[in-house]
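Chemist: After the sequence you'll find the predicted model.
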Amino acid sequence: MKRILLSAALACVLPVAGMAQDVTIKMGHAASSKHIFQQGLEIFAGKVAEKTGGRVAIEVYGDRQLGDDKELLEGLQIGLIDGALVSSPTLPLVLGAAGFDALQLPFVVSSYEQLSGVLTSDLGNRLLATLDDKSIKGLGFVEAGQRHFLAAGSAVEKTADFAGLKTRIVPIPLHKAIWTAIGVNPVGMAYGEVYSALETKTIDAVEINLSSIQSESLFDAAKQVTMTGHYFWPGVIMMSGAAWDKLSEEDRAAVAAAGQETTAEAYALAAKQEADTAAFLKEKGVTISTLQDLDAMKEKTAGVVTEWTAKDPLIAEFVAAFGTGG
């Protein structure tokens, strides 16, 4: 009799094999909660909830609450963090995922639409799949916007004006090669230190997207934007292998589909916001100009594109895809 009662009790407590379980995934990012990365993850969260019938919930944590990009990636690998949206330039350095350098080659991509088309193709999926052996599941992309140049002093009007400017860069080999070729004095620095560095004149400038100038209030410390559009800034939506393994096959398919759809919507949103953000910055007293000799900047960086294209077959495939319009 006792065995029968015990079996009945366990049946009430233990999940039935194959029964869908509610799962909450905490996802962090290193940008401000006012940034487009926050909006992108919220779009993803909504799609996941819809496609899984609420069985999988995504909670979004911005403002570096779960760590900066490096900490997020390390936490994902050991399963300490469920999920994250991490700027793609960090992946080659921290994870050795060399293919992601393809997304940072200067002047290779012509438009938001072109990049979105490539990233939502089979080639984009193959790039995400290179994370599988890193104990990370890549799911999609959110775009922070084309990168431009913000200076605290005089405006950069010509390529020669870059010479010697102490410029914050992401401290990775590709960016160092690009900005050394352009002629600045590159300074590797964490994203969260940029405002104070501009304010204290530790640096003269930063290469950055308009969305970050707005969300981090960098316009209070620097007022000269030169529109160069040298490369884009995709963030990668990802989950830890441990969190991915908790999902049923049905929910995995739903989450993967949500990531694909989010990529397309996030790129459309980033393209739409660029003009609005520029208008906002002008209202804050920022002067926005264009580089008078952009071709000279392109010429200085062409050798870096050639060098990096030869480093990895996947990078070469992306360069070919961008060159054919995706």
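Modeler: Nice, I can see it.

Chemist: where do the strands sit along the protein?
Modeler: All strands of the chain, identified by DSSP state E, fall at 23-29, 56-61, 83-87, 136-143, 147-151, 166-169, 185-188, 205-209, 224-227, 234-240, 287-290.

Chemist: what helices or strands is the third one leaning on?
Modeler: The one in question is strand 83-87. On a contact count with 3 or more Cβ pairs under 8 Å, 6 or more residues apart in numbering; DSSP states H and E, strand 83-87 meets strand 23-29, helix 36-51, helix 69-77, strand 234-240. C-beta coordinates here come from the backbone N, C-alpha and C atoms, glycine included.

Chemist: residues making contact with the second one?
Modeler: By Cβ atoms under 8 Å, 6 or more residues apart in numbering, the list of residues contacting helix 36-51 from outside reads 27, 29, 31-32, 56-60, 62, 85, 139-140, 142-145, 211, 215, 235, 237, 254-255, 257-259, 261-262, 265-266, 269-270, 273.

Chemist: Out of the strands of the chain, the one nearest Leu95 is which?
Modeler: Leu95 sits nearest to strand 136-143 of all the strands of the chain, at 7.5 Å, using Cβ to Cβ.

Chemist: Adjacent strands (with direction) for that closest one?
Modeler: strand 234-240 (antiparallel) (DSSP bridges).

Chemist: Okay, angle between the strand it pairs with and strand 23-29 too, please.
Modeler: Angle, strand 234-240 to strand 23-29, by axes from the mean of the first three to the mean of the last three Cα atoms, to 10 degrees: 140 degrees.

Chemist: Now Lys298: closest residue in space that isn't a chain neighbour?
Modeler: Computed as Cβ to Cβ, 6 or more residues apart in numbering, the closest residue to Lys298 that is not its neighbour in sequence is Phe107, at 4.9 Å.

Chemist: ok, that neighbour - contacts?
Modeler: 230-231, 297-298, 301, 305.

Chemist: Of these, grab the buried ones for ChimeraX.
Modeler: A single ChimeraX command selects the buried members of the contacts of Phe107 (16 or more other Cβ atoms under 10 Å):
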select :230,231,297,298,301,305
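
Chemist: Quick check: phi and psi on the residue nearest to Lys298?
Modeler: phi 60, psi 30 (degrees, to the nearest 10).
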